[in-house]
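Asks: build me a structure from this.
(2 chains)
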Amino acid sequence: MALLDLKHINITYHVGPKNVYAVQDANLAIEPQDAVGIVGESGSGKSTLAMGILQLLPDRVTTIEGEAIFEGVDLLKLSREELNKRRWTDISVVFQKSMNALSPVHRIGKQMEDVYRIHRPQADKNEAQSRVIEMLKVVNLPERVYRSFPHELSGGMMQRVSIALSLLFNPKLLVLDEATTALDVVTQGQILKEIMALQDQFNLTRIMITHDVSVVASTCNKIAVMYAGRMLEMGYVKDVLVKPKHPYTQGLLKSFPSFTGAKEELRGIPGALPDLSVYPTGCVFAPRCPYATEKCRGELPAMQSVGECWHAACHMLGGEG
Amino acid sequence: MEKAKEQLVLEVKDVKQWYTQKLTAKKNGKTIHKQTVKAVDGVSFSLKKGEILGVIGESGCGKSTLGRVLVHLENCTAGEIRLFGESAEEMLKKDPLRFRRTCQMVFQNPFDTFDPRYTLKRIMEEPMKLHHIGSSEAERMQIILDILEQSGLHPAQDYIDRHPHELSGGQLQRISILRSMLLNPAFMVADEPVSMLDVSIRADIIGMLLQLAREKETAMVFISHDIATTRYISDRVAVMYLGRIVEMGETDEVLHNPLHPYTRVLISNCASLDPNEERNVIEVTGEPPTPIDNGPGCYFAPRCFCPIEKCAQEYPGMVEAAPGHFVACHCL
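Replies: As a prediction, this is how the structure comes out:
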């Protein structure tokens, strides 16, 4: 059974008189111990999706429809108190700039203990302290970090603190929202490797949200490609990145310069993201797609199976070829 | 001899940019009140006409400072920059317009590059007026419309009355590049021109930059932390670590046959798109230190995976390991 099953998730922002359809009809099943990478450009709705499931978006200006079944419970129907119990103990998140969330005037250890006490109010000082130090060791930080202030740490160390914080209660699901984007390649390499080691150690299920396909290629087993609020292709990394079926995925992969081999001509995708406040009548990618036909502009393509656990939403696949 | 010299657009000799930091701290039992941040610490290279040099390195290694020093946005602490054999500093003093015509820069963030209250027309026209390009307003207008159309902003008439916030990042970066290229500079610095943009747009901007540089034979310093992009655009590559160039040479020679341990670490950590590729990641421990008091030895020695005794005592000199391939390492 899937650990997290997203069914027909729609997230809409209400901005003044306009509605912005940030996520439309997202379906995604995440099996235990999967590592799913959600890739897309900025504005494609990948962060909105993650925040929406955890109900971290402001309620007054957003509407969320659909079901997000986590271990048999619909997260979107839970009350605030019930959800608060699950947040951090079952599902935790590391944000892109989560280092900015650390309080600049408290020592790291103290801040982490505070978080620990929220879910374990009866814990005594020693228990909290030993747990925090244990977690700092897990992410390869020296013990002195416990007594440091955030400004004494580098970006990579603070990001490690955030990861340690997210693992305090051995969550089942870890969402990493651009967690390594702000870091240097070498530091990113170190942290990605640590995350993968932790996954084996704690039986984590992981969602990686990123715009960097190479991060997904090296650390995930499944991938979902999002564009303009819709999932366009999903499947195993070894299938999707090697022989992409959807024209958008193909274009996206072509726009990365290769590190080895001949310097082929780089191809961007012409055009820009569509206006998300206009509800699309056809395929969202049709205006930029080189193969678009009348059908693409007039009718939404449905997700269809193109292989084992491999789906793509495109009219060009199957049928008319 | 004369001819060979003419070919060189830019010569950089031992350029240093040090910043003084005021603070009160205890170090080795003594109280100090000042420390020197050596952001760029002795960089030398030269550029031929139309040549593109990629500068790669982690954040904080001084690559952006180097870029700013090269176009004299900051005066360097020591060293010399020569443009066509003439000292850049003198040129700037004598004829600032000519200097700015020769050197241009493209910045990382296109949203910060322009005055938000100017229309595109004014943004493009201002440098032309200053540098006396085109005799009348109508002529300047025609030039602007022509280059906008050529770069794919179609129809240009629609764009020229817009303000910067009405354009996307990709379009703005295009305009930033066009404006820099307007004056036919002989030398240009591009400081991470695509890192703020989406992947699908990035390729087009790089293509455009490359095409313009080739057409006008502009020598360029392309600063980036993205090795794959740098490989695509540059003829030569320089790898920087803590203010110094540790390795420099032809792009493919350096990237496929890296000799300096730091270059090898950097390259092995670049994730590939191909999930089936075997990756051999060289790991290093620790964080890049700050460029303050790095001691007499090689700056990379504390993190290096193959240090020898000499590394801690003496900074290695640049050695030509292969024709045109320079490395600063004791372990060769």
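Asks: so where does residue 316 fall, helix or strand?
Replies: Chain wasn't specified; assuming chain A. Using DSSP states H and E, A:Met316 falls within no helix or strand.
Asks: what residues are up against the residue nearest to B:Asp146 when sequence neighbours are not counted?
Replies: Spatially, and ignoring its direct neighbours in sequence, B:Asp146 is nearest to B:Ala156 (8.0 Å; C-beta to C-beta, 6 or more residues apart in numbering or on different chains). (Glycine included, C-beta is placed from N, CA and C.) Neighbouring residues of B:Ala156 by C-beta atoms under 8 Å, 6 or more residues apart in numbering or on different chains: B:144-146, B:148-149.
Asks: just the buried members of the residues you listed?
Replies: B:144-145, B:148 (16 or more other C-beta atoms under 10 Å in any protein chain shown).
Asks: which one among these gets closest to chain A?
Replies: B:Leu148 (16.5 Å; C-beta to the nearest C-beta).
Asks: wait, that closest one touches B:Leu178, no?
Replies: Yes. Judged on C-beta atoms under 8 Å, B:Leu148 makes contact with B:Leu178 at a distance of 7.3 Å.
Asks: who touches both of the two?
Replies: In contact with both B:Leu148 and B:Leu178: B:Met124, using C-beta under 8 Å, 6+ apart.
Asks: would you map the strands across the stretch 201-332 of chain B?
Replies: B:219-224, B:236-241, B:244-250, B:319-322, B:325-327 (DSSP state E, counting those that start in this stretch).
Asks: highest mean neighbour count out of these?
Replies: Of all those, strand B:219-224 carries the top mean neighbour count, a mean of 26, counting by mean count of other C-beta atoms under 10 Å in any protein chain shown.
Asks: in CSV: the buried ones among the contacts of B:Ala156, plus pLDDT and distance to A:Thr249.
Replies: Listed next are the buried ones among the contacts of B:Ala156 as CSV, based on pLDDT from 0 to 100; distance: C-beta to C-beta, whole Å:
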residue, pLDDT, distance to A:Thr249
B:Ile144, 91, 38
B:Leu145, 91, 37
B:Leu148, 89, 32
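Asks: tabulate those residues (CSV), appending distance to chain A.
Replies: Shown next, in CSV, are the buried ones among the contacts of B:Ala156 (distance: C-beta to the nearest C-beta, whole Å):
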residue, distance to chain A
B:Ile144, 22
B:Leu145, 21
B:Leu148, 17
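Asks: longest helix of chain A, counting residues only.
Replies: helix A:185-202 (DSSP state H).
Asks: how about that helix: buried residues?
Replies: Neighbour-count burial for helix A:185-202 [16+ other C-beta under 10 Å]: A:185-193, A:195-196, A:198-199.
Asks: the residue of the stretch 1-150 of chain A found nearest chain B: which element?
Replies: Nearest residue of the stretch 1-150 of chain A to chain B (C-beta to the nearest C-beta) works out as A:Glu41 at 4.2 Å. Following DSSP H and E, there is no helix or strand that holds A:Glu41.
Asks: what score does the closest residue to A:Leu78 other than its chain neighbours have for pLDDT?
Replies: Once flanking residues are discounted, A:Leu78 sits nearest to A:Arg86: 7.3 Å by C-beta to C-beta, 6+ apart. Note on A:Arg86: pLDDT of 88.
Asks: what sits against A:Arg86?
Replies: So A:Arg86 contacts A:70, A:75, A:78 (C-beta under 8 Å, 6+ apart).
Asks: worst-scoring helix or strand of chain A, pLDDT-wise?
Replies: helix A:185-202 (a mean of 85; mean pLDDT, DSSP states H and E).
Asks: list the contacts for A:Leu54?
Replies: A:Leu54 sits next to A:75, A:83, A:87, A:91, A:93, A:175 when contact means C-beta under 8 Å, 6+ apart.
Asks: ok, the spatially closest residue to A:Glu71 that is not a sequence neighbour to A:Ile191 distance?
Replies: Excluding the flanking residues, the one nearest A:Glu71 by C-beta to C-beta, 6+ apart is A:Leu3, at 6.7 Å. Taking C-beta to C-beta, to the nearest Å as the measure, A:Leu3 falls 23 Å from A:Ile191.
Asks: identify the residue nearest the geometric centre of chain A.
Replies: A:Ile209 (2.7 Å; C-alpha atoms, centre = their mean).
Asks: helices or strands next to the host helix or strand of it in the packing?
Replies: Here A:Ile209 sits within strand A:205-210, counting by DSSP H and E. Contacts defined by 3 or more C-beta pairs under 8 Å, 6 or more residues apart in numbering or on different chains; DSSP states H and E place strand A:205-210 against strand A:35-39, helix A:46-53, strand A:173-177, helix A:213-219.
Asks: and the longest one, does that touch chain B?
Replies: The reference is to helix A:46-53. No. If you take C-beta under 8 Å from any C-beta of the partner chain as the test, helix A:46-53 misses chain B, and the best it gets is 12.6 Å.
Asks: pLDDT of that helix, averaged?
Replies: 88.
Asks: how far off helix A:46-53 does the helix or strand following it point, in degrees?
Replies: Moving toward the C-terminus from helix A:46-53, the next helix or strand (DSSP H and E) is strand A:62-70. Taking axes from the mean of the first three to the mean of the last three C-alpha atoms, to 10 degrees, one finds that strand A:62-70 is oriented at 70 degrees with respect to helix A:46-53.
Asks: would you turn the contacts of B:Ala156 into a markdown table with secondary structure and distance to A:Gln129?
Replies: Below are the contacts of B:Ala156 laid out as a markdown table (DSSP: H, G, I helix; E, B strand; the rest coil; distance: C-beta to C-beta, whole Å):
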| residue | secondary structure | distance to A:Gln129 |
| --- | --- | --- |
| B:Ile144 | helix | 65 |
| B:Leu145 | helix | 68 |
| B:Asp146 | helix | 69 |
| B:Leu148 | helix | 63 |
| B:Glu149 | helix | 66 |
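Asks: how near is the nearest residue to B:Asn280 once chain neighbours are set aside to A:Ser154?
Replies: The shortest distance from B:Asn280 to any non-neighbouring residue, by C-beta to C-beta, 6+ apart, is to B:Ser268 (6.1 Å). When distance is defined by C-beta to C-beta, B:Ser268 is 21 Å away from A:Ser154.
Asks: same deal with A:Ser103?
Replies: 18 Å.
Asks: looking at those two, which one has more neighbours?
Replies: The neighbour comparison of A:Ser103 against A:Ser154 (other C-beta atoms under 10 Å in any protein chain shown) goes to A:Ser154, with 18 against 12.
Asks: list the contacts of the spatially closest residue to that one that is not a sequence neighbour.
Replies: In space, and not counting its chain neighbours, A:Ser154 is closest to B:Glu287: 4.9 Å by C-beta to C-beta, 6+ apart. Counting by C-beta under 8 Å, 6+ apart, B:Glu287 touches A:154, A:156-157, A:187.
Asks: just flag the most distant two among these.
Replies: A:Met157 and A:Thr187 (9.1 Å; C-beta to C-beta).
Asks: ok, back up a step: packing partners for the longest helix of chain A?
Replies: helix A:155-166, helix A:213-219, helix B:261-268.
Asks: distance of A:Pro121 from B:Cys329?
Replies: For A:Pro121, the distance to B:Cys329 - C-beta to C-beta - is 56 Å.
Asks: which of these two has more residues huddled nearby?
Replies: A count of neighbours by other C-beta under 10 Å puts B:Cys329 above the other of A:Pro121 and B:Cys329, at 24 against 7.
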